[in-house]
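Asks: Model the following, please.
(chains A and B)
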Amino acid sequence: MYDDVALRIATWNVNSLRVRLPQLGEWLAASQPDIVALQETKSPDADFPAAALQTLGYHAAFSGQKTYNGVAVLARQPLAAEIVDIPGFTDPQRRVLATTLPLASGAALRVIDLYVPNGQAVGSEKYAYKLEWLAALRRWLQQESAQHQNLVVLGDFNIAPEDRDVHDPKAWEGNVHVSPAERAALAALVEDGFVDVFRQFEQPERSFSWWDYRAAGFRRNHGLRIDLILASRTLAARCTACVIDREPRTAERPSDHTPVIATFDI
DNA sequence: ATGGCGTACACCGTACGA
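Replies: Below is the predicted model:
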């Protein structure tokens, strides 16, 4: 007989790790998450601030590039970037990182950090790339699901799942991030057994994870919920909470995204 | 009202984000 251990897993699009490192440090110290998936690090691997994070008590696995994209996973124990490309989907853009971490029970936790393409505008080349990327992601995650019971897929999905995840659904209708094809791609993951754990719990109305820098988006709560934590059914059944932490968005020079944290008794 | 702001790289503007 052993006590269940509360494991806290977070995702945060930091919009430049170099710029946000002080804020990340403060947030890690205050929040003490066990595992953190970062997106838009915009940091080549050679420049990754591994030493600074280690002084904060976190090991890191990372896959970055200059200027754009870049993902990283932080954990209390050493970890490795096991997969950094969707298998069979050639892409120079660093948007994916899969790693495996041990759980207190002795079981393994598979963590997949995603920075889903933005898509720019419906009908654009970048939109087509986003849909192709999402189709390849689905095929890969079906394989991952077959191999891992405890699987969490989290990150910046650049898709608001439902109208209640959008500050003004009428204004956004048909737009990138809410288009039917994007939502269908996300719904397909749910059909395959992933659970958006945020919606397992009662949440405040108008809960968002991203707000436009322009036009006082945050002050007016003009946002989208696009940063998601999807869990395999086995893991979702162990989820006891999922919250959006708006506090970092109130800082000077904030990221336009704010962290989302899920707690698992596992 | 398709702007608004922020980051990066490079150059004093452009690409991109969401």
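
Asks: The residue in the stretch 51-200 of chain A that DNA strand B sits nearest to: what's it in contact with?
Replies: DNA strand B sits closest to A:Asn118 of the stretch 51-200 of chain A, with a gap of 3.4 Å, by C-beta to the nearest atom of the strand. For glycine as for every other residue, the C-beta is placed from the backbone atoms N, C-alpha and C. Counting by C-beta atoms under 8 Å, 6 or more residues apart in numbering, A:Asn118 touches A:Lys126, A:Lys130, A:Asn158, A:Val176.

Asks: how far away is it from A:Gln93?
Replies: For A:Asn118, the distance to A:Gln93 (C-beta to C-beta, to the nearest Å) stands at 11 Å.

Asks: Then A:Asp113?
Replies: For A:Asp113, the distance to A:Gln93 - C-beta to C-beta - is 14 Å.

Asks: out of the two, which sits in the more crowded spot?
Replies: Just comparing A:Asp113 and A:Gln93: by other C-beta atoms under 10 Å the higher neighbour count belongs to A:Asp113, 29 against 14.

Asks: State the mean pLDDT of the helix or strand containing the more buried one.
Replies: Under the criterion of DSSP states H and E, A:Asp113 resides in strand A:108-115. Strand A:108-115 carries an average pLDDT of 98.

Asks: Residues in contact with it: which ones?
Replies: Against strand A:108-115 from outside (C-beta under 8 Å, 6+ apart): A:7, A:9, A:11, A:13, A:35, A:37-40, A:69-73, A:94-103, A:137, A:141, A:144, A:147-148, A:150-157, A:235, A:266.

Asks: Which positions within it qualify as buried?
Replies: Residues of strand A:108-115 classed as buried: A:Leu109, A:Arg110, A:Val111, A:Ile112, A:Asp113, A:Leu114, A:Tyr115 (neighbour count, 16 or more other C-beta atoms under 10 Å).

Asks: If you count contacts, what does the lengthiest helix in chain A end up packed against?
Replies: Using DSSP state H, we find that the single longest helix of chain A is helix A:125-147. Applying 3 or more C-beta pairs under 8 Å, 6 or more residues apart in numbering; DSSP states H and E, one finds that helix A:125-147 contacts strand A:108-115, strand A:151-156, helix A:180-191.

Asks: possible to save those as TSV with distance to DNA strand B?
Replies: As requested, the helices and strands packed on helix A:125-147 are exported to TSV (distance: least, C-beta to the nearest atom of the strand, whole Å):
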stretch	distance to DNA strand B
strand A:108-115	7
strand A:151-156	5
helix A:180-191	11
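
Asks: any chance of these in JSON lines, with distance to A:Arg249 too?
Replies: Shown next, in JSON lines, are those (distance: least, C-beta to C-beta, whole Å):
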{"stretch": "strand A:108-115", "distance to A:Arg249": "19"}
{"stretch": "strand A:151-156", "distance to A:Arg249": "14"}
{"stretch": "helix A:180-191", "distance to A:Arg249": "23"}
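
Asks: just to revisit the earlier point, make a ChimeraX selection of the buried ones in the contacts of strand A:108-115.
Replies: In ChimeraX, a selection of the buried entries from the contacts of strand A:108-115 looks like this (16+ other C-beta under 10 Å):
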select /A:7,9,11,13,35,37,38,39,40,69,70,71,72,73,94,95,96,97,98,99,101,137,141,144,148,150,151,152,153,154,155,156,157,235,266
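
Asks: Perfect, that will be all.
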